[in-house]
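S.K.: only geometry, no sequence info:
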């Protein structure tokens, strides 16, 4: 039974902050079980749901039937790209990008991507690029995925239990996703029954560092030398001294560039009552004496160690901190 499925979807939407409570959402529908389930579940949950179908016209009469069924069942708006049915895009991602481009600017849009799609995506990217990067829960262009916690088998069962007709895309069998779905994943399940969930878990892992940077840090940490440094790029280097590793480098702060080999320093703007460490004079008075224009003072960088202001770049340094911070200002127009 799939009676609990709407509650699970609502919990996922709230957890990921995908759709405002009772808000409007456009479902990008294909006529398949996933997007049909999505459209119906979001309506059941009380969202302001409309449907939109993009007819790429790649399967002739079959494509037209998909569009007609979406119109009859969901009242979907039908869009057809210029040249549809005549030029086949190079990849499946081209079709997806076309749908997103055609619907951009219409507000929040939802697609029927499921946990099953996530598994297939992770597996493909592992093989093709060595990355376990999965489908984004929310794209920057306003596309959200409310069904990423639901399996494809559940969307099909949901539609059948509620008498919702759905279509099956015959071109799926010849796609890369179809190969993964119908041939590769069944073999992996024979190796281990938890293959799907283990692959799904990879999508939740934090991104790794670039491989070259990982190798550099690994070599640095495995070194037996008492002190060793490695350039990490971007003006940053890592320094290992026995059992301690620190990062040294350059900080950009507005037009300012600051460098120091002293660990633990922080750059921030001024706060009320700030004084230079070891001196009674307030930072405000230092600005006045240096004739810093009032409009520039709130954006001027201060270098601090804990709660102590140890340097006001270009103006003053605290006793004992002389020369510990190099600073220069980009004066290009």
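M.R.: Yep, it's here. Note that the coordinates shown come from a computational prediction; the quantities given were computed from them, not determined experimentally.

S.K.: from here on, contacts and neighbour counts on C-alpha atoms
M.R.: Will do.

S.K.: Going along the chain, name the helices of the stretch 1-150 of the chain.
M.R.: 5-16, 33-44, 61-74, 92-103, 115-129 (DSSP state H, counting those that start in this stretch).

S.K.: where does the stretch 151-300 of the chain dip in pLDDT?
M.R.: Judged by pLDDT under 70, the stretch 151-300 of the chain has its weakly predicted residues at 172-174, 205-209, 224-225, 233-235, 242-249.

S.K.: That one: helices as residue ranges?
M.R.: Going by DSSP H, counting those that start in this stretch, the stretch 151-300 of the chain shows helices at 152-161, 176-179, 185-191, 195-202, 211-222, 283-289, 294-297.

S.K.: can I get the ones you listed in TSV with distance to residue 264 and mean neighbour count?
M.R.: Below are these laid out as TSV (distance: least, CA to CA, whole Å; neighbours: other CA atoms under 10 Å):
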stretch	distance to residue 264	mean neighbour count
helix 152-161	50	18
helix 176-179	49	15
helix 185-191	48	13
helix 195-202	34	17
helix 211-222	20	14
helix 283-289	21	15
helix 294-297	24	10
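
S.K.: For residue 303, find the nearest of the ones you listed.
M.R.: helix 283-289 (11.7 Å; CA to CA).

S.K.: So what touches the closest one?
M.R.: Residues outside helix 283-289 that contact it (CA atoms under 8 Å, 6 or more residues apart in numbering): 270, 273, 274, 275, 276, 297, 312, 315, 316.

S.K.: Ok, stretch 311-326 next?
M.R.: Here stretch 311-326 makes contact (CA under 8 Å, 6+ apart) with 258-262, 276-279, 283, 286-287, 290, 301-304, 309-310, 327-328.

S.K.: of the residues you listed, buried ones?
M.R.: 258-260, 276-277, 283, 286-287, 301-304, 309-310, 327 (16 or more other CA atoms under 10 Å).

S.K.: returning to that earlier point: farthest pair within the contacts of helix 283-289?
M.R.: Longest span within the contacts of helix 283-289, CA to CA: 273 and 315, 17.5 Å.

S.K.: any idea how far the residue nearest to residue 269 when sequence neighbours are not counted lies from residue 272?
M.R.: Nearest residue to residue 269, sequence neighbours excluded (CA to CA, 6 or more residues apart in numbering): residue 301, at 5.1 Å. To residue 272, residue 301 is 14 Å away according to CA to CA, to the nearest Å.

S.K.: How about residue 223?
M.R.: Residue 223 is 46 Å from residue 272, by CA to CA.

S.K.: What does residue 324 show for phi and psi?
M.R.: For residue 324, the backbone dihedrals (degrees, to the nearest 10) come out as phi -80, psi -20.
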